[in-house]
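K.L.:
Below: sequence and its predicted model.
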Amino acid sequence: MKNKIVAGNWKMNKTFPEAEELLVAIAEGLDDMPLETDVVICPPFPYLEMAADVSEESNFSVGAQNVSDEKAGAFTGEISAAMIKSAGADFCIVGHSERRAYFKETDEVLAKKVKRLLEEDIIPIFCIGEQLAEREANQHFQVVEKQLTAGLFHLDAKEFERVVIAYEPVWAIGTGRTASPQQAQEMHAFIRGLIEAKYGTEKAYNAYILYGGSCNSKNALELFSCQDVDGGLIGGASLKVEDFIEIINAAETCIKND
Ligand code: 13P
């Protein structure tokens, strides 16, 4: 039986006091849950240390949303993997579609970021997913295959087993237009097949492939029940305590029913 992972991507939201309030409320919500799901909260950089402090008394892990591809030095405004680790984060989102689109992050840079994170023993949550026009042109498998192979397949098998993948179709992010369970399952199975061809059956089975894109308390159970969906990367709904806890509950239900 495999656990699920539910990660919350707060994106660029919340001030310091608001972030503290939300973290404490989530910790309280998780308090009486005998959790089998791995919960990860990815707040903006300034709140990593605070999140790590709160997490010590709770049962969630902390992740960053981005990292520099450089190790250290004269890169004004950048944040290194070592900084993230020393602030208490064990995960980091890489290659989110918003970073690919707005900050022009290329496959090459993302592949380097993944390496930097692994050097610091941080688990990358590597995001892949096609845009609407690509799906409509029936190119979604091709696009996802390219992102996966270019971003992760430079890793050896030992490195690869420390990576989490998140399939986030761009057309589903923040739009309320969730992928159907069939669409999610189809793509997740495709991704697992690519992993199997490259790293073998065991690594493919063990790989975590999360779904992201308008995942909420209403649709999480159906999505997480799909055979190849190992949890979710949650945006908007991770900012609302009750919704986030309900999504985690959906993951728990799936683990128990497995
Ligand atoms: P929403 O859940 O708000 O659609 O965002 C998904 C996402 O981008 C998570 O990384």
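P.N.:
Perfect, I can see it now.
K.L.:
Looks to me like residue 245 is in a helix.
P.N.:
Yes: using DSSP: H, G, I helix; E, B strand; the rest coil, the assignment for residue 245 is a helix.
K.L.:
where's the nearest residue to it once chain neighbours are set aside relative to residue 125, distance?
P.N.:
Using C-beta to C-beta, 6 or more residues apart in numbering and skipping residues adjacent in sequence, the residue nearest residue 245 is residue 29, 4.3 Å away. For glycine as for every other residue, the C-beta is placed from the backbone atoms N, C-alpha and C. The gap separating residue 29 from residue 125 is 22 Å, by C-beta to C-beta, to the nearest Å.
K.L.:
Residue 92 reaches residue 63, doesn't it?
P.N.:
Yes: counting by C-beta atoms under 8 Å, residue 92 touches residue 63, with 5.6 Å between them.
K.L.:
So if I had to pick from residue 29 and residue 125, which one is more boxed in?
P.N.:
Neighbour totals were compared for residue 29 and residue 125, and residue 125 leads with 28 against 17 (other C-beta atoms under 10 Å).
K.L.:
buried set for the helix or strand containing residue 134?
P.N.:
Element membership of residue 134 [criterion: DSSP states H and E] is helix 132-136. Neighbour-count burial for helix 132-136 flags 134, 135 (criterion: 16 or more other C-beta atoms under 10 Å).
K.L.:
Any part of that helix near the ligand?
P.N.:
No: using C-beta under 6 Å from any ligand atom, we find that helix 132-136 stays clear of the ligand, coming within 13.7 Å at best.
K.L.:
What residues does the stretch 1-150 of the chain have near the ligand?
P.N.:
Residues of the stretch 1-150 of the chain lying close to the ligand by C-beta under 6 Å from any ligand atom are 9, 96.
K.L.:
can you give me the strands for this protein?
P.N.:
Ranges of strands within the chain are 5-9, 38-42, 60-64, 91-94, 123-128, 164-167, 208-212, 231-234, based on DSSP state E.
K.L.:
Tell me which of those lies nearest to residue 100.
P.N.:
Of all the strands of the chain, strand 123-128 sits nearest to residue 100, with 8.2 Å by C-beta to C-beta.
K.L.:
Let me have the closest one in CSV, keeping just the CA atoms, if that works.
P.N.:
Extracted in CSV, the C-alpha atoms of strand 123-128 (Å, rounded to 0.1, in the frame of the first residue of the first chain):
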residue,chain,number,x,y,z
ILE,A,123,12.7,16.6,-2.5
PRO,A,124,11.8,18.4,-5.8
ILE,A,125,8.1,18.5,-6.6
PHE,A,126,8.6,18.7,-10.4
CYS,A,127,5.6,20.2,-12.3
ILE,A,128,4.7,19.3,-15.9
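K.L.:
Now do it: distance to the chain's middle.
P.N.:
6 Å (C-alpha atoms, centre = their mean, to the nearest Å).
K.L.:
how many degrees apart are it and strand 38-42 in direction?
P.N.:
80 degrees (axes from the mean of the first three to the mean of the last three C-alpha atoms, to 10 degrees).
K.L.:
Can you name the residues in contact with strand 123-128?
P.N.:
Applying C-beta atoms under 8 Å, 6 or more residues apart in numbering, the contact partners of strand 123-128 are 7, 40, 42, 63, 90-97, 110, 113-114, 117-118, 144, 147-148, 151-152, 162-168, 191, 210, 212, 233.
K.L.:
now residue 220: how far from residue 130?
P.N.:
In terms of C-beta to C-beta, residue 220 sits 22 Å off from residue 130.
K.L.:
again but with residue 191, I slipped
P.N.:
Remark: distance between residue 191 and residue 130 (C-beta to C-beta) = 12 Å.
K.L.:
The two - which one has more neighbours?
P.N.:
Each of residue 191 and residue 130 has its neighbours counted (other C-beta under 10 Å); residue 130 has more, 24 against 21.
K.L.:
residues in contact with that one?
P.N.:
139, 140, 143, 144, 169, 170, 171.
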